[in-house]
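Enquirer: Please work out how this folds:
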Amino acid sequence: QVQLVESGGGLVQAGGSLTLSCAASGRTFSNYNMGWFRQAPGKKREFVAAMDWSGSSTSYADSVKGRFTISRDNAKNKAYLQMNSLKPEDTAVYYCAANVRRLTGWADEYDDWGQGTQVTVSS
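Expert: Residues are numbered from 1 along each chain as shown. Take a look at the predicted model:
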């Protein structure tokens, strides 16, 4: 099991940018594929972005493609989500998640989750 802690959320105006961080501890971070998900009030948790253990492959939801960038630094045991051109509909609690099996956008395939960080985009 790997412990995950997100940070970097906050309030931003539409068109602005935020970078979320996910700090991992407890296991070898470079063994894990990482994902970012989000959940808005009254909605299901949805996939945002994922990156494989090596950082060589990524996947994005269509709604964020071209605006968000996932990255990782295995030496620092951290994953990141750079969010640009933010829209009010990006408002949600953002979660990072880890799995050792594969790069995937399916939440059920992730074993470990952080507690989430709130992102609010005002219009």
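Enquirer: In stretch 73-91, which of the residues would be classed as buried?
Expert: 74, 77, 78, 79, 80, 81, 83, 86, 90, 91 (16 or more other C-beta atoms under 10 Å). Heads up, the C-betas are built off the backbone N, CA and C, glycines and all.
Enquirer: Run the chain-centre distance for it.
Expert: The chain centroid and the centroid of stretch 73-91 are separated by 6 Å, computed with C-alpha atoms, centre = their mean, to the nearest Å.
Enquirer: Tell me the span between the first and last residue of it.
Expert: For stretch 73-91, the separation between the terminal residues is 26 Å (C-alpha to C-alpha, to the nearest Å).
Enquirer: any idea of the mean pLDDT for it?
Expert: Averaging pLDDT along stretch 73-91 gives 98.
Enquirer: contacts for that stretch?
Expert: With contact meaning C-beta atoms under 8 Å, 6 or more residues apart in numbering, stretch 73-91 is reached by 12, 14-25, 29-30, 34, 36, 38, 40, 48-49, 51, 55, 63-64, 67-72, 94, 96, 119-123.
Enquirer: Just the buried ones out of the residues you listed, please.
Expert: 12, 18, 20-24, 29, 34, 36, 38, 48-49, 51, 64, 68-70, 72, 94, 96, 119, 121.
Enquirer: Okay, and which of the contacts of stretch 73-91 map to helices?
Expert: Using DSSP state H, no member of the contacts of stretch 73-91 falls in helices.
Enquirer: Now, those residues that are in strands?
Expert: 12, 18-25, 34, 36, 38, 48-49, 51, 68-72, 94, 96, 119-122 (DSSP state E).
Enquirer: Tell me how far the residue nearest the centre of the chain lies from residue 20.
Expert: Centroid-nearest residue in the chain: residue 36, 2.4 Å away (criterion: C-alpha atoms, centre = their mean). Distance of residue 36 to residue 20, computed by C-beta to C-beta, to the nearest Å: 7 Å.
Enquirer: and for the two, which residues touch both?
Expert: Common neighbours of residue 36 and residue 20 (C-beta under 8 Å, 6+ apart) are 81, 94, 96.
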